[in-house]
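Undergrad: Need coordinates for the following:
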Amino acid sequence: FFSYRTKMAENVIKASAPVPGKQSLEDAYAEPDNFLEIDVQNAQTHGFGGKRYTDFEVRLKTNLPVFKLKESQVRRRYSDFDWLRGELERDSKIVVPPLPGKALGRQMPWVGEEKGMFAEDFIESRREGLEVFVNKVAGHPLAQNQKCLHMFLQEPQIDKTYTPGTVKRK
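TA: You can find the predicted model right below:
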């Protein structure tokens with residue numbers, strides 16, 4: 001029994017990670033081959049009473065050739081994210097991640113300002129969820145070809161009468 005175990009140990013192949021060559025500072029801090037950065041930030045609440053809403057700044061930086069602009073900045077409401085999700089579910093073959101939940105319970109008339117849908121903690125939590133959502137979607141290679149994603153990320157206004165489809169690769 002002891003000799004069997006010893007023979008098995010001799011047959012084990014040892015593997016190790018390759019040792020990388022020295023990297024120059026220029027290479028270490030150079031722009032990556034492909035990158036896509038999307039931040040959802042700078043929440044702003046607008047309006048009064050029943051016409052009140054919050055929107056978010058969506059900033060994109062990329063060097064992916066499929067995007068016509070390498071940097072863009074647009075403002076989007078929760079309903080715009082919901083629109084994007086619906087378009088992708090209908091027109092693409094990807095599994096679309098969920099959005100953060102709606103604020104139904106926070107809209108009731110008896111809910112105070114500090115617990116309502118315009119409370120800072122709720123807005124921040126929603127911002128984080130929207131950022132996770134849009135990064136998951138935009139990181140999917142099939143979604144990157146969808147016109148609705150490009151319009152959402154790069155056009156100042158969303159044209160909801162657009163013709164769905166894919167963008168032409170350059």
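Undergrad: Next up, the contacts around Glu71.
TA: Counting by CB atoms under 8 Å, 6 or more residues apart in numbering, Glu71 touches 59-62. C-betas here are computed from N, CA, C, even on glycine.
Undergrad: try it again with 10 Å
TA: 37, 59-62, 154 (CB atoms under 10 Å, 6 or more residues apart in numbering).
Undergrad: do Lys136 as well
TA: Lys136 touches 94-98, 143, counting by CB under 10 Å, 6+ apart.
Undergrad: just the strands in this protein please.
TA: Along the chain, counting by DSSP state E, strands occupy 36-46, 53-62, 71-77.
Undergrad: If you rank the contacts of Glu71 by neighbours, which is first?
TA: Counting neighbours by other CB atoms under 10 Å, the top entry in those is Leu60, with 22 neighbours.
Undergrad: Run through the bridge partners of it.
TA: Judged by DSSP bridges, the bridge partners of Leu60 are Ile38, Ser72.
Undergrad: Touching, it and Lys68? I think so.
TA: No. Leu60 is beyond contact range of Lys68, at 11.1 Å (criterion: CB atoms under 10 Å).
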